[in-house]
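Student: Pasting a predicted model and its sequence here:
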Amino acid sequence: MLYRQRTLDLPHGDVETPILLPVRNVGKRSSDNTPEYVGTIPDLPTAMINARSIYQRAPMWERLQEGVTLREEMEVPEDTIVFADSGGLDFDPTGPDITPAEMLSIQRHLDADIYGTIDIPLSRENWVEENHRRVRQNIEYAIQTSEKHREDDASLLFASVHGYDPETVRNNIQHLEQRGDFDGYALGSLSLIRTDYKKTTRLILAARRATDKHLHVYGLGGITYLPLLLYLGVDSFDSSAFIRNAGNRNYLLPGFGGKELHNIDHLDYLPCPCPVCGTRTLDEIRVDRNLLVRHNLWSMVTELRRFRYIAASDKDVEAYLDLRFQDNEVTQRAYRAAKQQVRRLV
Ligand SMILES: [Zn+2]
């Protein structure tokens, strides 16, 4: 197995990896605000933010110019670890309306601990020529960002990498390794193929093999993928699954995926001892979306903690994962395929 633990030394503090970065919708015009979790979940002092949606939200961006800190704006402690990605999914695919240097200065102004380089995600339609162009463009953005990333800037710079096959991912990383100076790599466009576990696994493994540096995976940290990512040696990942699932009234439970709460009856208390569910009835949680979001986040943290426990206590991780994926034929096949590939590597 490729699971590994490291320490990231960041401007706002040290973080033990692997780590989940919950997606915060700060800056987005949305009533679905992310409920408070920093401070209530001790091993989650982290947040993923979208730099683009913040500078595009004029009132907030003005407050930040006037001296309000991003963390004040987010109502989190000043030592919260923040990863600011470029918000690539929202760019016009023909090209971003901002240069790599401008993006870097925004990420710096946000006082982020980790910057992700500007990227244009691949298109869902497998239009080879267009995706080929985007891959090359993303490399160019990353190199330009690296050239502007000052040596006295202690924040880490991760190159955003997109590839439609393992070879492209590997070549991209090796090319960037020679041409730029990056603290890690962030693999994107995987949410487009998330249901193709085998392909997703192969792309992640290609990235893992191409570098020993930090490997982040964008937008793929749902409760089913989470143990698979850890097994594949991914160091960090971000996810909005806890919010999206709550929006659909889905209750996440490690090993069981998501279950729609309206399909459950004849049950007074839920099967989770987290601070949200432990003392509340099913009916209370059913009607409160915020409670559901917070529970879903606890579920993901629980999965992460269990994996750490298995690894720390010399238990057999593969046996644990056999158990973890036995319920679902699709993920079971995916895990078996991943296991074969990983065993060839180690
Ligand atoms: Zn719970």
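Tutor: Here it is on my side, so go on.

Student: R280 versus the residue sitting furthest away from the middle of the chain, what's the distance?
Tutor: Centroid-distance maximum for the chain: H266 at 35.7 Å, with Cα atoms, centre = their mean. Distance of H266 to R280, given as Cβ to Cβ, to the nearest Å: 17 Å. Placement of C-beta: from N, CA and C, glycine included.

Student: Same check on N296?
Tutor: 14 Å.

Student: quick one: which of those two has more around it?
Tutor: The neighbour count for N296 versus R280, taken as other Cβ atoms under 10 Å, is higher for N296 (27 against 16).

Student: Enumerate every residue touching the more buried one.
Tutor: By Cβ atoms under 8 Å, 6 or more residues apart in numbering, N296 lies in contact with 223, 241-243, 245-246, 250-252.

Student: What strand or helix carries S146?
Tutor: Per DSSP states H and E, S146 falls inside helix 128-148.

Student: packing partners for that helix?
Tutor: Secondary-structure packing of helix 128-148 (3 or more Cβ pairs under 8 Å, 6 or more residues apart in numbering; DSSP states H and E): helix 100-109, strand 156-161, helix 166-179.

Student: between the longest one and strand 156-161, how big is the angle?
Tutor: Yep, that's helix 166-179 we're talking about. Angle between the axes of helix 166-179 and strand 156-161 is 140 degrees (criterion: axes from the mean of the first three to the mean of the last three Cα atoms, to 10 degrees).

Student: helices or strands up against helix 166-179?
Tutor: In this structure, helix 166-179 makes packing contacts with helix 128-148, strand 156-161, strand 184-187, helix 197-210, judged by 3+ Cβ pairs under 8 Å, 6+ apart.

Student: Kindly reformat these as CSV and extend each row with mean pLDDT, mean neighbour count and distance to the ion.
Tutor: Output for the helices and strands packed on helix 166-179, formatted as CSV (pLDDT from 0 to 100; neighbours: other Cβ atoms under 10 Å; distance: least, Cβ to the ion, whole Å):
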stretch, mean pLDDT, mean neighbour count, distance to the ion
helix 128-148, 94, 18, 38
strand 156-161, 98, 26, 32
strand 184-187, 98, 25, 30
helix 197-210, 94, 21, 26
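
Student: Now do the SS call for I54.
Tutor: Classification of I54 by DSSP: H, G, I helix; E, B strand; the rest coil places it in helix.

Student: Which residue, other than its chain neighbours, is closest to it?
Tutor: Taking Cβ to Cβ, 6 or more residues apart in numbering as the measure, I54 lies nearest to G27, with 3.8 Å between them; neighbours along the chain are not counted.

Student: That neighbour against A58, yeah?
Tutor: No: no contact is recorded between G27 and A58 when judged using Cβ atoms under 8 Å, the distance being 10.5 Å.

Student: In terms of neighbours, single out the busier of the two.
Tutor: G27 (22 against 8).

Student: can you tell me the helix or strand for that one?
Tutor: Taking DSSP H and E as the definition, G27 sits outside all helices and strands.

Student: any idea how far R343 is from it?
Tutor: The gap separating G27 from R343 is 43 Å, by Cβ to Cβ.

Student: same thing with G184?
Tutor: Distance, G184 to R343, using Cβ to Cβ: 26 Å.

Student: Please name the bridge partners of the spatially most central residue of the chain.
Tutor: By Cα atoms, centre = their mean, the mean C-alpha position of the chain lies nearest to D238, the distance being 1.4 Å. When assigned by DSSP bridges, D238 has beta-bridge partners L21.

Student: returning to what we had before: between the helix holding S146 and strand 156-161, what angle do the directions make?
Tutor: Taking the same axes, to 10 degrees, one finds that helix 128-148 is oriented at 160 degrees with respect to strand 156-161.

Student: Could you list the residues in contact with helix 128-148?
Tutor: Outside of helix 128-148, the residues within contact range by Cβ under 8 Å, 6+ apart are 93, 95-96, 99-101, 103-104, 115, 117-123, 157, 159-164, 168, 172, 175-176, 179-182.

Student: Buried members of those into PyMOL, please.
Tutor: Listed next is the PyMOL selection for buried residues among the contacts of helix 128-148, using 16 or more other Cβ atoms under 10 Å:
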select buried, resi 96+100+103+104+115+117+118+119+120+121+122+157+159+160+161+162+163+164+168+172+175+176+180+182
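
Student: Next, please give the residue ranges for the strands of the protein.
Tutor: For the chain, strands defined by DSSP state E occupy the ranges 6-10, 13-17, 19-22, 46-50, 81-85, 114-116, 156-161, 184-187, 214-217, 236-239, 250-253, 257-260.

Student: Buried deepest among those, which one?
Tutor: Of all those, strand 114-116 has the most neighbours on average by mean count of other Cβ atoms under 10 Å, namely a mean of 29.

Student: Quick one: distance of stretch 116-136 to the chain centre.
Tutor: For stretch 116-136, the distance from its own C-alpha centre to the chain's C-alpha centre is 19 Å (Cα atoms, centre = their mean, to the nearest Å).
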